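Asker: No sequence on hand, only this structure:
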């Protein structure tokens, strides 16, 4: 069992948009004989971009799972999106992966979304390999990209390969571990399946020596014997180098850097060798942590098929023929089709009708999934993203996945009565698939409001409503998801006293509220009651009442964030007091205190990262200033372009893509992600409240 688990790799492929992730995955599937023809993104026939919207736009929207075999190893692969609106897909994939290939464009170097992906991988402590792609492109520079990986990402990167030539002269790779050169003969074999070993070019001898010294310097920090052998100029077995490199990569202390051109079919097989050699198997990563639901104490579950089953649902998808697909990563034990498992968080039993292995949107039935496997379960009714499924007798609650709150909303108006009837059920299915997509009904206007992570995100949702669910709807103007907060401190009393003929209701609380400093938390609740003024059993009800009051603010009905609440006093009645009475009293007390504490509207501020030609810099910055933006950093790049980092209110960024293109003759690009909330200027606040 252990040996087969040791020969499993669960990896993801992530990068900035258009760095070549899907093209690389297509090559991997071809070389591992999973497919017999290479799909191309630009032709709209890539296997992994199976959604209509992906093929039309030439971008990845949803993470697609597949598996293949290489050198007697099973490799599960998740190809993730690069566009920042779909960064949640990367987030949930990283939660269940053991290793990651991060692609970098040899021309663009470390691009904005590369940094976001790297931060996400750091957060989940995922070991990774770097692949410098597009070595065949004009302006490609392996050495500059390597330096950027080291400097901008603060990564302990070390090349394990050097490219032989670049641009149209890129013809092979030097393996620094084996100290060998490999050449691709395009004339004989356009598909890159054949590469031959040859002499290291004499004009590269100095570079090879320099980078081999760097390699031994890095791995020498983990093994004195290797360093001593290298300094004594002794022959070092390549297997020893690989062993130490593997340990350091799994420990997140080194990032091996590979090179190639996926589109030109060069370097992909050597990268696959690197996946097998350096990335961890499920037995190499620490046991997954969770909580024992009966005791509330921390528990762990090692990656072992002999232990009780534990799995995490990390993605929900809808299939028109099969219904709900639940993607699960099995961490321990075995899960068999036809068996019943426990959804620990919801305390519900779920029956697994079928288990399938996915290959993009094609499927293959399996009878069982064991520790280390990524499969799809069919028949789960209650399970949503982030839920834990375990053996009923030995439950463990695994850490869920945190998703960011939506920052942009639009109103939807169904075109006919039939569309209206289908709209709610269609939106429910879409929000089950995508936790960053929310929908609600505006009580005043009766309109359906949908919210997401960006304009493209909502555009795709509306497109899917039309194509998949056949719902026609008019789309309103985008709305900003404002929030309400306080700038000052206040105290207030909340009373709920109701006397009727029989048992009454009695609850009195006194609350103090103040702004939460330097925190992304929505609220913090502290109980400082002394002397039993409010009995212990009613304090959770007070907290619940405050939380309910925060869902709709006083100024304009937006949710309230960033409040530090302290329960300082209260009163109760031995007969009439109840949970409901204290919940209502908590809600009333919070609203009163909020009114007194200098409430204000908060607007979402976005991190905007723009790459534009240098001669357009003044125009771009002037435009950002006109949008109430604040420029934080300007970086002059080698290719004659500039990278501008700024913070701009979301309200000023609608339609920015079109505007930026017209100012730069279509030569600029930008990515934007939510950064923080800050108070809205007074005159704008008055307009919105009005």
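Answerer: Perfect, I can see it now. These numbers come from a predicted model, not from an experiment.
Asker: residues touching residue 689, list them.
Answerer: 555, 556, 601 (Cβ atoms under 8 Å, 6 or more residues apart in numbering). All C-beta atoms are positioned from the backbone trio N, CA, C, and that covers glycine.
Asker: what would those look like in TSV with distance to residue 130, secondary structure and pLDDT?
Answerer: Output for the contacts of residue 689, formatted as TSV (distance: Cβ to Cβ, whole Å; DSSP: H, G, I helix; E, B strand; the rest coil; pLDDT from 0 to 100):
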residue	distance to residue 130	secondary structure	pLDDT
555	48	coil	92
556	47	coil	89
601	43	strand	94
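Asker: can you put the residues you listed in CSV and add distance to residue 127 and neighbour count?
Answerer: Converted to CSV, the contacts of residue 689 look like this (distance: Cβ to Cβ, whole Å; neighbours: other Cβ atoms under 10 Å):
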residue, distance to residue 127, neighbour count
555, 47, 17
556, 47, 14
601, 44, 22
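Asker: for the residues you listed, which one is nearest residue 588?
Answerer: Each of those was scored against residue 588 by Cβ to Cβ, and residue 555 proved nearest at 17.7 Å.
Asker: Tell me who's in contact with that closest one.
Answerer: Applying Cβ under 8 Å, 6+ apart to residue 555 gives the contacts 484, 599, 600, 601, 685, 689.
Asker: any idea how far residue 314 is from residue 379?
Answerer: Distance of residue 379 to residue 314, given as Cβ to Cβ, to the nearest Å: 17 Å.
Asker: These two: which is more packed in?
Answerer: Between residue 379 and residue 314, residue 314 has the larger neighbour count (other Cβ atoms under 10 Å), namely 25 against 17.
Asker: Confirm that the more buried one sits in a strand.
Answerer: Yes - Residue 314: assigned to a strand according to DSSP: H, G, I helix; E, B strand; the rest coil.
Asker: Break down the stretch 301-450 of the chain into its helices, ranges please.
Answerer: Shown for the stretch 301-450 of the chain, the helices assigned by DSSP state H, counting those that start in this stretch span residues 417-433.
Asker: burial count for residue 80?
Answerer: If we define neighbours as other Cβ under 10 Å, then residue 80 has 26 of them.
Asker: Make sure it is actually in contact with residue 11.
Answerer: No - with contacts defined as Cβ atoms under 8 Å, residue 80 does not count as touching residue 11, sitting 10.9 Å away.
Asker: nearest spatial neighbour of residue 138, skipping sequence neighbours?
Answerer: Of all residues beyond its chain neighbours, the one nearest residue 138 is residue 167 (5.4 Å), with distances taken as Cβ to Cβ, 6 or more residues apart in numbering.
Asker: Please report how far the one you found lies from residue 314.
Answerer: From residue 167 across to residue 314, the span is 40 Å (Cβ to Cβ).
Asker: Angles on the backbone of residue 288, please.
Answerer: Backbone torsions of residue 288, given as degrees, to the nearest 10, read phi -70, psi 140.
Asker: residue ranges of the strands in the stretch 551-690 of the chain, please?
Answerer: With DSSP state E, counting those that start in this stretch as the definition, the stretch 551-690 of the chain shows strands at residue ranges 563-571, 599-613, 630-636, 641-649, 669-679.
Asker: Quick one: list the elements packing against the longest one.
Answerer: Taking 3 or more Cβ pairs under 8 Å, 6 or more residues apart in numbering; DSSP states H and E as the contact definition, the neighbouring helices and strands of strand 599-613 are strand 483-486, helix 617-626, strand 641-649, strand 669-679, helix 682-689.
Asker: ditto for the first one
Answerer: Secondary structure elements in contact with strand 563-571, counted by 3+ Cβ pairs under 8 Å, 6+ apart, are strand 505-515, strand 523-527, helix 539-549, helix 579-596.
Asker: can you list contacts of stretch 338-346?
Answerer: When contacts are defined by Cβ under 8 Å, 6+ apart, stretch 338-346 is touched by residues 293, 309, 311, 335, 348-353, 380, 382-383, 386-392, 395-397, 400.
Asker: Buried subset of these as a PyMOL selection?
Answerer: In PyMOL, the members of the contacts of stretch 338-346 classed as buried (16 or more other Cβ atoms under 10 Å) are selected with the following command:
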select buried, resi 293+309+311+335+350+352+380+383+386+387+388+389+390+391+395+396+397+400
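Asker: Narrow the contacts of stretch 338-346 to those in strands?
Answerer: With strands identified by DSSP state E, the entries of the contacts of stretch 338-346 that belong to them are 311, 335, 348, 349, 350, 351, 388, 389, 390, 397.
Asker: Out of these, give me the two with the largest separation.
Answerer: For these, the farthest-apart pair by Cβ to Cβ is 351 and 397; their separation is 20.3 Å.
Asker: can you give me the strands for the stretch 201-350 of the chain?
Answerer: Listed in chain order, the strands of the stretch 201-350 of the chain (DSSP E, counting those that start in this stretch) span 255-259, 288-291, 298-301, 310-319, 323-332, 334-336, 340-343, 348-351.
Asker: ok, the residue nearest to residue 484 when sequence neighbours are not counted - contacts?
Answerer: Counting by Cβ to Cβ, 6+ apart, residue 553 is the residue found nearest to residue 484 once chain neighbours are left out, at 3.3 Å. Neighbouring residues of residue 553 by Cβ under 8 Å, 6+ apart: 483, 484, 559, 560, 594, 599.
Asker: Span of stretch 469-477 from start to end?
Answerer: 22 Å (Cα to Cα, to the nearest Å).
Asker: can you give me the offset of it from its chain's centre?
Answerer: Its chain's average C-alpha position is 27 Å from that of stretch 469-477, according to Cα atoms, centre = their mean, to the nearest Å.
Asker: Stretch 548-563 too?
Answerer: Centre-to-centre, stretch 548-563 and its host chain are 27 Å apart (Cα atoms, centre = their mean).
Asker: in that stretch, what counts as buried?
Answerer: Within stretch 548-563, the residues that count as buried by 16+ other Cβ under 10 Å are 549, 550, 553, 555, 558, 560, 561, 562, 563.
Asker: and what of stretch 677-690?
Answerer: Applying a neighbour-count criterion of 16+ other Cβ under 10 Å, one finds 677, 680, 685 buried in stretch 677-690.
Asker: what's the distance between the closest residue to the first one other than its chain neighbours and residue 554?
Answerer: For residue 677, the nearest residue in space outside its immediate sequence neighbours is residue 602; the separation is 4.0 Å by Cβ to Cβ, 6+ apart. For residue 602, the distance to residue 554 (Cβ to Cβ) stands at 13 Å.
Asker: Can you pull the residues that touch both of those two?
Answerer: Counting by Cβ under 8 Å, 6+ apart, the shared contacts of residue 602 and residue 554 are residue 484.
Asker: what's the burial count for residue 306?
Answerer: Burial of residue 306, expressed as a neighbour count using other Cβ under 10 Å, amounts to 12.
Asker: Renumber starting at 48 from here on
Answerer: I'll keep to 48 as the first residue from here, and by that count the last item is residue 353.
Asker: Distance-wise, check it relative to residue 500.
Answerer: Using Cβ to Cβ, we find residue 353 at a distance of 41 Å from residue 500.
Asker: Same check on residue 370?
Answerer: For residue 370, the distance to residue 500 - Cβ to Cβ - is 26 Å.
Asker: Among the two, which residue is more densely surrounded?
Answerer: For residue 370 versus residue 500, neighbours defined as other Cβ under 10 Å are more numerous around residue 500 (25 against 13).
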